Structure formats: C-alpha cells, structure tokens
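Novice: can't give you the sequence, but here's the structure:
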C-alpha cells in the first residue's frame with residue numbers, strides 16, 4: 001500500500017464501509033457505556049479533588065484509535081479512520097456538525113511488511129462510541145501480542161485483512177496468476193509457486209500483490225476442483 005490516503009478508494013469522508021462486512025440495522029444499535037473521566041478540583045481551600053465521568057467526544061475516540069494503532073507499530077500516514085463526519089483540512093472531523101444518521105466507523109491500517117487490515121463497527125448509535133470500541137479491540141489484540149502470543153495475534157489479524165474497498169473490483173484469478181481460465185490444477189500450482197517466490201515480501205516483493213496472488217490461488221483451486 002503506497003499510503004492509504006493516496007488510494008482514493010478509502011476515504012475519511014464519507015464512510016468507506018469494507019465490502020462484505022455486514023451492517024447492523026439502525027433499530028438494533030445500542031448506547032455504549034464508554035466515557036472519559038475528568039479531574040475537578042474544589043474551589044474551597046483544602047478541598048478534595050474528584051473525577052467526573054462524561055460522554056466521549058469524537059475527538060476522544062479518534063485519539064484512542066490513533067494511540068492504539070501507534071502502539072501496534074502502525075506508522076503515521078499508514079491508516080485511515082473513515083466516518084460520515086465531514087472533515088477539516090487537517091483530516092479531523094469538524095466540530096460544528098450534527099451527528100450523522102449512520103454512525104458506522106471503519107479503520108484501515110497497514111504495518112510494515114504486512115497486508116492492509118481493516119476493522120469496522122456500527123453496533124453503537126454514536127460515532128465516538130464505535131471509535132472507542134475499535135480502539136478497545138485493538139488494545140486487547142496488542143495485549144495478546146505483548147504477552148508472547150505473536151502467532152495468535154497474527155492469525156487473529158488475518159481475519160481483518162481488508163477486502164476490496166468500495167469501487168475496487170477483484171481481478172479474475174486467471175488474470176492474476178497469468179494462466180488460462182481452463183488451466184489445470186497443475187498449471188495453477190506451477191504459476192502460483194513461481195509468482196509466490198517472485199513476489200514474496202521476504203524477497204522484496206509487495207505485500208499487497210503477494211496477498212492478491214495467494215487469494216487468486218485459493219479461488220482458482222475452488223473453481224477447478
């Protein structure tokens with residue numbers, strides 16, 4: 001991925017919901033219990049301080065997601081937070097706008113040497129809470145990784161490999177592999193082994209192209225056998 005902001009396919013606004021991900025019906029969305037504590041101090045000399053909980057703002061949610069991605073090793077510029085909130089020139093949601101009817105949130109990111117991932121949540125009725133839910137999920141995954149579960153977390157993240165973004169069609173498997181639509185299993189396997197070796201990230205290949213080749217091979221085998 002040359003940088004998600006340059007793809008033109010996954011935008012911060014409007015919401016770029018990932019292809020194939022089911023949506024929650026509006027009537028089934030719920031109010032979350034995410035909040036943020038604020039420290040208050042008594043104006044009385046010697047008075048105690050106290051913490052008051054308040055609802056999260058969209059800005060709070062965005063910062064939580066950014067921090068979670070940063071802790072996962074995602075570089076600045078290698079992620080997109082997509083919502084139906086109009087953004088300012090700096091890419092952050094404008095504050096002078098009503099809550100959108102569709103509060104869904106989709107986050108796309110890519111760690112160095114890995115395919116692009118995505119996570120999308122619309123179970124809650126506020127954008128801020130869906131942002132917080134994604135951040136909490138990313139933090140939970142990082143905790144597994146931090147405690148020696150690197151293989152487990154890699155398998156978990158595999159489930160979040162980004163499907164083609166809206167407007168981006170999947171190329172036919174025969175085109176990706178460079179074989180005839182009537183190719184045999186042997187022809188497909190030979191082409192796959194050759195392309196896999198050439199485009200493997202460990203050999204300097206593109207992670208996105210390698211992932212496309214792997215998926216094309218799976219589709220080819222399903223279609224032939």
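Specialist: Everything's here; your move. Not measured: the values here are computed from a predicted model.
Novice: quick check, distance from the helix or strand hosting residue 219 to the centre of its chain.
Specialist: Using DSSP states H and E, residue 219 falls within helix 207-224. Here helix 207-224 shows a centroid-to-chain-centroid distance of 21 Å under the convention Cα atoms, centre = their mean, to the nearest Å.
Novice: compute the mean per-residue pLDDT across it, please.
Specialist: Throughout helix 207-224, pLDDT has a mean value of 83.
Novice: ok, and what's touching it?
Specialist: 1, 110, 113-116, 161, 170-171, 173-174, 176-177, 179, 183-185, 188, 192, 195-196, 199-201 (Cβ atoms under 8 Å, 6 or more residues apart in numbering). All C-beta spots, glycine's among them, are computed from the backbone N, C-alpha and C.
Novice: for this structure, what spans make up the strands?
Specialist: Using DSSP state E, the strands of the chain run over 35-41, 49-55, 79-82, 105-109, 117-121.
Novice: going by mean pLDDT, which of those comes out lowest?
Specialist: If the strands of the chain are sorted by mean pLDDT, strand 35-41 sits at the bottom with a mean of 54.
Novice: any idea how far the most centrally placed residue in the chain is from residue 142?
Specialist: The residue lying closest to the centre of the chain (Cα atoms, centre = their mean) is residue 118, at 2.3 Å. In this view, residue 118 and residue 142 are 17 Å apart by Cβ to Cβ, to the nearest Å.
Novice: then residue 10?
Specialist: 23 Å.
Novice: same question for residue 89.
Specialist: In terms of Cβ to Cβ, residue 89 sits 31 Å off from residue 142.
Novice: buried sites along the helix holding residue 219?
Specialist: Neighbour counts over helix 207-224 (16 or more other Cβ atoms under 10 Å) mark 207-217, 219-220 as buried.
Novice: before we move on, the earlier item: compare residue 10 and residue 142 (neighbour count), which wins?
Specialist: A side-by-side neighbour count of residue 10 and residue 142, using other Cβ atoms under 10 Å, places residue 10 first with 22 against 16.
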